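Engineer: Take this sequence and fold it.
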Amino acid sequence: MDSKKVTETITKICAEMGISLNALRIKAGIDDGNWTRLKRGQRKWRLEHLESVARAAGVPVTKLLGDKPPIAIVAEVSAAEGFLIQKRGAGPDLGQAENFFTEVSLVEGRVYAIRVKDRSMLPSFPPKTIFYALKESHRDIKNEDLVVFSDHDGNSHVRQIIIGPDTIILRGLNPTVPDEVYPSHFLKLCDRIIHASFRPT
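Structural biologist: Prediction:
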């Protein structure tokens, strides 16, 4: 995502609306210091900033962003098995997932896709379901969200998270997969799944 282009688009939207950038900033609830750094390109536009601006301007977030590149599929997953998230160029090419919704475009380079490879997550998630996960998003995870949990050995799992005061419970997406309980600081090892999509071929 090109921060300069985003700022230019926001400036055009303000002109179309007949309001100043400062009026939009206030309506979006972004403090003056952050706004100045965002406009000057000293800070990258983050998801929460773009959502606030889009909401305040009454436009979809996609209007702020322009073209949306496809998202790399980095692994295939089943309910019981762990998987390794592939780095680009390492291992077989698993293809790309369509980037058809607003959140994925907001955080270029931080969103990755995982494909369900078998029937082990039925009835909720059939084979070829795509999970879109956001790297470094543990602060935004809420109780009962779907997450990608990566253990200290590098194995990852898709789970539903239950957040307690001192622990997290990672619930399997199949009744045969036992729950796992970890201390609450293990939340840092989770990426939030921001969307799941199934399109039969």
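Engineer: Tell me which residues touch Phe149, please.
Structural biologist: In this structure, Phe149 makes contact with 156-159, 161, 170, 186, 189-190, judged by CB atoms under 8 Å, 6 or more residues apart in numbering. To be clear about C-beta, it is placed using only N, CA and C from the backbone, and glycine gets the same treatment.
Engineer: Can you show me the CA trace of the helix or strand encompassing it as CSV?
Structural biologist: According to DSSP states H and E, Phe149 maps onto strand 146-150. Listed next in CSV are the C-alpha coordinates belonging to strand 146-150 (Å, rounded to 0.1, in the frame of the first residue of the first chain):
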residue,chain,number,x,y,z
LEU,A,146,-10.5,-18.0,14.9
VAL,A,147,-6.7,-17.7,15.1
VAL,A,148,-3.5,-19.2,13.7
PHE,A,149,-1.5,-20.4,16.7
SER,A,150,2.2,-21.0,16.0
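Engineer: Tell me what angle the helix or strand just after it forms with strand 146-150.
Structural biologist: Using DSSP H and E, the helix or strand that directly follows strand 146-150 along the chain is strand 156-163. Going by axes from the mean of the first three to the mean of the last three CA atoms, to 10 degrees, strand 156-163 is angled at 120 degrees with respect to strand 146-150.
Engineer: Beyond strand 156-163, next helix or strand please.
Structural biologist: Note on strand 156-163: by DSSP H and E, the next helix or strand toward the C-terminus is strand 167-171.
Engineer: Which residues belonging to that following strand are considered buried?
Structural biologist: Under the neighbour-count criterion of 16 or more other CB atoms under 10 Å, strand 167-171 has 168, 170-171 buried.
Engineer: Contacts for it next, please.
Structural biologist: Applying CB under 8 Å, 6+ apart, the external contacts of strand 167-171 come out as 147, 149, 157, 159-162, 179-184, 186-187, 190.
Engineer: Distance from it to the middle of the chain?
Structural biologist: The chain centre lies 20 Å from the centre of strand 167-171; the measure is CA atoms, centre = their mean, to the nearest Å.
Engineer: Paired strands for that strand, with orientation please.
Structural biologist: Sheet pairing for strand 167-171, assigned by DSSP bridges, gives strand 156-163 (antiparallel), strand 180-183 (antiparallel).
Engineer: my read: Ile85 touches Tyr112, true?
Structural biologist: Yes: look at Ile85 against Tyr112 with CB atoms under 8 Å: they come within range, at 7.0 Å.
Engineer: Pick out whichever of those two has more residues nearby.
Structural biologist: The neighbour comparison of Ile85 against Tyr112 (other CB atoms under 10 Å) goes to Tyr112, with 22 against 18.
Engineer: and that one, that one's in a strand?
Structural biologist: Yes: looking at Tyr112 with DSSP: H, G, I helix; E, B strand; the rest coil, it is inside a strand.
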